[in-house]
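[1] just the structure for this:
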Amino acid sequence: MQKMIFVVDDNDINLSVAEEALDDQYRVMTLPSAAKMFALLEKFPAPDLILLDIEMPEMDGFEALSRLKSSSLYSDIPVIFLTSMTDASVEVRGFQLGVIDFITKPFSAPVLLNRIKTHLDIDEIIRARTAQIESLKNGIVFVLSDMVENRDQVTGGHVERTTRFIKILIDALLERGLHTAQIDNWDVDMVISSSRLHDIGKIAISDAILRKPGKLTQEEFEKMKEHVEIGVQAIRRIENDLKGKNCTLSCTLTEKAILEFIKINPTATQARIAAEIGKSLRTVKTDMATLQTKGLLKREGGKKTGQWLVKLD
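    Next up, the predicted model:
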């Protein structure tokens, strides 16, 4: 459906020029006064944009703009001033009241059309650019997680299963109305995507230990456990760079980190999901991981949250 534009001007020529310029791409309503505009707003849905002349009798553009911005119904409608005035104080006052742009009269049809397209299409442009950035970011996460898993082949697709299980658990929590207040504050796509990085600290572990076919020595095991803290610090740096975006889940996907996180935050939903994921069917140490994480939830979780997660098998 075409977007709706109100053009408000007491000059019939300006109204005709604007209507002719915009009519092919937008639905246009021309109005000779601000009073007529407000009367129409009471009867019809709000337009996508208003072109508002400043110099009009009875109610000028400044007064009309003030009324629009003071109304909860109309305050979000973008307004562009049409004016022949070039005084800087006019622009300052207009921007202070909430106008998004000025178009100088007399205006040409191409200029009017391009300026309007810029403002009406800006949301779509931002969404497209954001999607491109998200795609690039997710691509980087996939590359890093694949690098880790290719080095640690013994875990057999653990990263991909972890990501799928996290999505399943979050969807199930939402379907059951559990912990929705906490989850509403998450960037869920970020949480799910970042879960692929939970073993990122293994990049710092040597191949001799990481890919050893037999049992690790005690010294080697202690070295292997260092990947937890290395990974946590790496994720924390990412969180800082993202200015608080929620990657916390990736930092809780190990027994040590889960234990510390739940003791500090006994009702933290992300830690509980992470703990449950800790028993996701690895090809090694499956029984130990299952027993440790289920026992951990029961011991440290308290009674207020997490009981439904504990029952998942």
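[2] for the rest of this, base every contact and every neighbour count on C-alpha atoms.
    OK.
[3] specify the local secondary structure of I103.
    What DSSP: H, G, I helix; E, B strand; the rest coil gives for I103 is strand.
[4] oh sorry, the question was meant for I80
    strand.
[5] how close does it get to A88?
    16 Å (CA to CA, to the nearest Å).
[6] among these two, which residue is more densely surrounded?
    I80 (24 against 9; other CA atoms under 10 Å).
[7] what bridges to the more buried one?
    Bridge pairing for I80 (DSSP bridges) gives the partners L51, D101.
[8] which residues touch it?
    L49, I50, L51, L52, V99, I100, D101, F102, I103 (CA atoms under 8 Å, 6 or more residues apart in numbering).
[9] pretty sure the second one sits against K3.
    No: under the criterion of CA atoms under 8 Å, I50 makes no contact with K3, lying 11.3 Å away.
[10] looking at these two, which one has more neighbours?
    Applying other CA under 10 Å to I50 and K3 shows that I50 carries more neighbours, namely 23 against 12.
[11] quick check, pLDDT for the more buried one.
    With respect to pLDDT, I50 scores 95.
[12] need the contact list for it.
    Counting by CA under 8 Å, 6+ apart, I50 has contacts I5, F6, V7, V8, I77, P78, V79, I80.
[13] can we see that at 6 Å?
    I5, F6, V7, V79 (CA atoms under 6 Å, 6 or more residues apart in numbering).
[14] and it, how far from A64?
    11 Å.
[15] pass me the low-pLDDT residue ranges in the chain, would you?
    Scanning the chain for pLDDT under 70 picks out the ranges 123, 136-138, 140-141, 145-157, 238-313.
[16] mind giving me the domain split of it?
    For the chain, automatic domain parsing gives the domain ranges 4-120, 152-310.
[17] of the contacts of I50, which is the nearest to S108?
    Nearest to S108, judged by CA to CA, of these is V7 at 14.8 Å.
[18] could you report the neighbour count for the closest one?
    26.
[19] that one should be in a strand, yeah?
    Yes: the assignment for V7, made by three-state DSSP, places it in a strand.
[20] surely it touches I54?
    No: counting by CA atoms under 6 Å, V7 does not reach I54; the two are 11.9 Å apart.
[21] contacting residues around the residue lying closest to M29 once chain neighbours are set aside?
    With sequence-adjacent residues excluded and distances taken as CA to CA, 6 or more residues apart in numbering, M29 is closest to F6, at 4.9 Å. Counting by CA under 6 Å, 6+ apart, F6 makes contact with M29, T30, I50.
[22] beta partners for F6?
    M29, I50.
[23] what about it, distance to Y74?
    13 Å.
[24] again with K223
    Distance from K223 to Y74, by CA to CA: 62 Å.
[25] do A88 as well
    For A88, the distance to Y74 - CA to CA - is 26 Å.
[26] show me which residues of stretch 162-180 are buried.
    Across stretch 162-180, burial judged by 16 or more other CA atoms under 10 Å covers T162, T163, R164, F165, I166, K167, L169, I170, L173, L178, H179.
[27] can you pull out the strands in the protein?
    Remark: strands assigned in the chain by DSSP state E are 4-8, 27-31, 49-53, 79-83, 101-104.
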